[in-house]
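[1] the sequence isn't on hand, but the structure is:
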């Protein structure tokens, strides 16, 4: 069953050309999909539509069978966990524990149920030992994992990641990949890190000037250097020939 | 630049201090808030000619300070931020109030000095108490206490968001100043025109960042209502006793003739 359905979705910011132009695709449950494209291709706009932060001006979006609209925004947001590009935008409570608890507490969880939910999310991201630390004292990699825990604690069916590997050192990136692979939810990831996409996403959607120009397996998407260049992309580093 | 980094560390430090588990921190947040509100009301209710009678009231912040194990530096630094504003208000009193008050047979001063000093002392008392309140409860508990005391949700959220977005503005100021200084070469002094531009950019960037933070909060189910993560401990006998003991002390300080006499002894004048 499709958990995310985009049908001819178009969107333009005030006074600008279309950021999304008649975008259509279906994403099945538990699929891991990469959204790639050059800067300004519309990746972040698409992700914000998925998370119910923006709404289609034309066309329709369905999240778990329910149309995404201002009326259904609570349904959409309870189904989708959005991990922002900059973890500093997500973490603002005095301790990591409180930050991770913020989402489920907003869903109405309290007491022991809330505590268990937070502990589980911290375990999933290997950040249990950070629970009492203030988020602003953490390293970039730790902040990224805590912001993932903050989203996992809400137990969403779909996870949306905006540039999850940005500013991570190699070890933190590897750690994130391992955690990412252990996740069972439907995952939609916008990224410029094509190697990351090769590692964790079986399917890739390529956007160019707001339009879907490719939708298929990740291996196939990155198989043709000339085609990638026409989309404003390059071969993943591991596939580039060494001179 | 270093000042901005220090300001960020100081702001965050208050949140960290609120995580302690001392007797003062374990008091119910509602009780701490009520006691502090009464304290500020009592301090402000003194006549502006009172100076000596205010001194016994220092017992309250000192008691909290010792019970909470909060370093005196953490409080004094923040009080120092408020002092320039306090002095700016108080400095006009000696100039505008010129009535002569005789302290002794030979010593007389203008009444403006008395009222100016009174403003400074009252401000010290009030600001140190509010800082200690935040350092002992933390913003989430304080927010819940305000809600429990039936403060309108809009005002409560305004308080929370202003506090949180203070960090945003200071962070952005640090980044902007760093970028400006790294490219200023030998010109170490910032010209007023540059300052004006930086302030303009700072405001725009702070608004943009605030929007991103608000979007992130919204994406996690925030609906203009900060949830309570840790349940507040129910009211105990100690909480009630604490409140009534301090209320009694404040009222005695305010109205008992003994403290009015103290005012006379220290100040040499009757109010």
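    Arrived safely, thanks for sending. Please read all numbers here as calculations on a predicted model, not as lab measurements. Residues are numbered from 1 along each chain as shown, chains lettered A, B, ... in the order given.

[2] and residue 35, how many neighbours?
    All of this refers to chain A. Residue A:35 is flanked by 26 other residues according to other C-beta atoms under 10 Å in any protein chain shown. The C-beta positions use only the backbone N, C-alpha and C, and glycine is treated the same way.

[3] other chain: chain B
    Around residue B:35 there are 23 residues (other C-beta under 10 Å).

[4] wait, what's in contact with it?
    Taking C-beta atoms under 8 Å, 6 or more residues apart in numbering or on different chains, we find residue B:35 in contact with B:60, B:242-243, B:246-247.

[5] tell me, how many residues neighbour residue A:138?
    Residue A:138, neighbours per other C-beta under 10 Å, totals 18.

[6] what of residue A:87?
    If you count neighbours by other C-beta under 10 Å, residue A:87 ends up with 25.

[7] show me the contacts for it.
    Residue A:87 makes contacts with A:140, A:143-144, A:146-147, as judged by C-beta under 8 Å, 6+ apart.

[8] in the strand or helix carrying residue B:167, what's buried?
    According to DSSP states H and E, residue B:167 maps onto helix B:153-182. Neighbour-count burial for helix B:153-182, counted by 16 or more other C-beta atoms under 10 Å in any protein chain shown, picks out B:156-157, B:159-161, B:163-165, B:167-174, B:176-177, B:180.

[9] confirm that residue B:79 sits in a helix.
    Yes. Counting by DSSP: H, G, I helix; E, B strand; the rest coil, residue B:79 is found in a helix.

[10] that one contacts residue B:126, doesn't it?
    No. Using C-beta atoms under 8 Å, residue B:79 is not in contact with residue B:126; the gap is 9.9 Å.

[11] neighbour count winner among those two?
    Of the pair residue B:79 and residue B:126, residue B:126 is the one with more neighbours under other C-beta under 10 Å, namely 21 against 18.

[12] that one contacts residue B:38, doesn't it?
    No. If you go by C-beta under 8 Å, residue B:126 and residue B:38 don't touch, sitting 11.9 Å apart.

[13] mind listing what residue 219 touches?
    In the absence of a named chain, chain A is used. Listed by C-beta under 8 Å, 6+ apart, the contact partners of residue A:219 are residue A:198.

[14] meant chain B, my bad for not saying
    Per C-beta under 8 Å, 6+ apart, neighbours of residue B:219: A:51-53, A:77, A:80, A:82, A:84.

[15] closest one of those residues to chain B?
    Within these, the smallest distance to chain B is 4.4 Å, found for residue A:82 (C-beta to the nearest C-beta).

[16] name the element the closest one belongs to?
    Element membership of residue A:82 [criterion: DSSP H and E] is strand A:80-83.

[17] show me which residues of chain A are close to chain B?
    Contact residues, chain A versus chain B (C-beta under 8 Å from any C-beta of the partner chain): A:51-53, A:74, A:77-78, A:80, A:82, A:84, A:86, A:88-90, A:92-95, A:97-98, A:101-103, A:105-107, A:110-111, A:114, A:132, A:134, A:136, A:150-151, A:154.

[18] so which of those are in strands?
    Among the residues of chain A next to chain B, DSSP state E puts A:80, A:82 in strands.

[19] any of the residues of chain A next to chain B buried? List them.
    Members of the residues of chain A next to chain B classed as buried by 16+ other C-beta under 10 Å are A:51-53, A:77-78, A:80, A:82, A:84, A:86, A:88-90, A:92-95, A:97-98, A:101-103, A:105-107, A:114, A:134, A:136, A:150-151, A:154.

[20] from the residues you listed, which land in helices?
    Using DSSP state H, the subset of these located in helices is A:77-78, A:97-98, A:101-103, A:105-106, A:114, A:150-151.

[21] gap between residue A:137 and residue A:208?
    Taking C-beta to C-beta, to the nearest Å as the measure, residue A:137 falls 41 Å from residue A:208.

[22] residue A:33 too?
    Between residue A:33 and residue A:208 the computed distance is 17 Å (C-beta to C-beta).

[23] shaky segments in the chain?
    Going with chain A. A:242-243 (pLDDT under 70).

[24] let me rephrase: I mean chain B.
    Along chain B, the parts satisfying pLDDT under 70 run over B:1-11, B:103-105, B:186-188, B:257-271.

[25] interface residues of it facing chain A?
    For chain B, the residues in contact with chain A (C-beta under 8 Å from any C-beta) are B:12, B:15-16, B:18-19, B:138-140, B:164, B:167, B:171, B:209, B:212-213, B:215-223, B:225, B:227-231.

[26] try it again at 7 Å.
    Neighbours of chain A within chain B, by C-beta under 7 Å from any C-beta of the partner chain: B:12, B:15-16, B:18-19, B:138, B:140, B:164, B:212-213, B:215-216, B:219-222, B:227, B:229, B:231.

[27] pull out the buried members of these.
    B:12, B:15-16, B:18, B:138, B:140, B:164, B:212-213, B:215-216, B:219-222, B:227, B:229.

[28] quick one: neighbours of residue B:183, just the number.
    Residues near residue B:183, counting by other C-beta under 10 Å, number 8.

[29] pop out the phi and psi values for it.
    Phi and psi for residue B:183, reported as degrees, to the nearest 10, are phi -110, psi 10.

[30] just to check, residue A:21 is in contact with residue A:208?
    No. Under the criterion of C-beta atoms under 7 Å, residue A:21 is not in contact with residue A:208, lying 9.9 Å apart.

[31] list the contacts of residue 201.
    Picked chain A for this. By C-beta atoms under 7 Å, 6 or more residues apart in numbering or on different chains, the contact list for residue A:201 reads A:32-34, A:189, A:218.

[32] you answered for a different chain; I wanted chain B.
    Taking C-beta under 7 Å, 6+ apart as the test, what residue B:201 contacts is residue B:176.

[33] check the gap between it and residue B:189 for me.
    19 Å.

[34] what about the strands in chain A?
    A:2-12, A:18-28, A:32-36, A:58-63, A:66-67, A:80-83, A:158-162, A:186-190, A:203-208, A:211-217.

[35] compare those and report which one is nearest to residue B:107.
    Closest approach to residue B:107 among the strands of chain A (C-beta to C-beta): strand A:80-83, 69.7 Å.

[36] so which residue is dead centre in chain A?
    Residue closest to the average C-alpha location in chain A (C-alpha atoms, centre = their mean): residue A:161, at 1.6 Å.

[37] with that, I have no additional questions.
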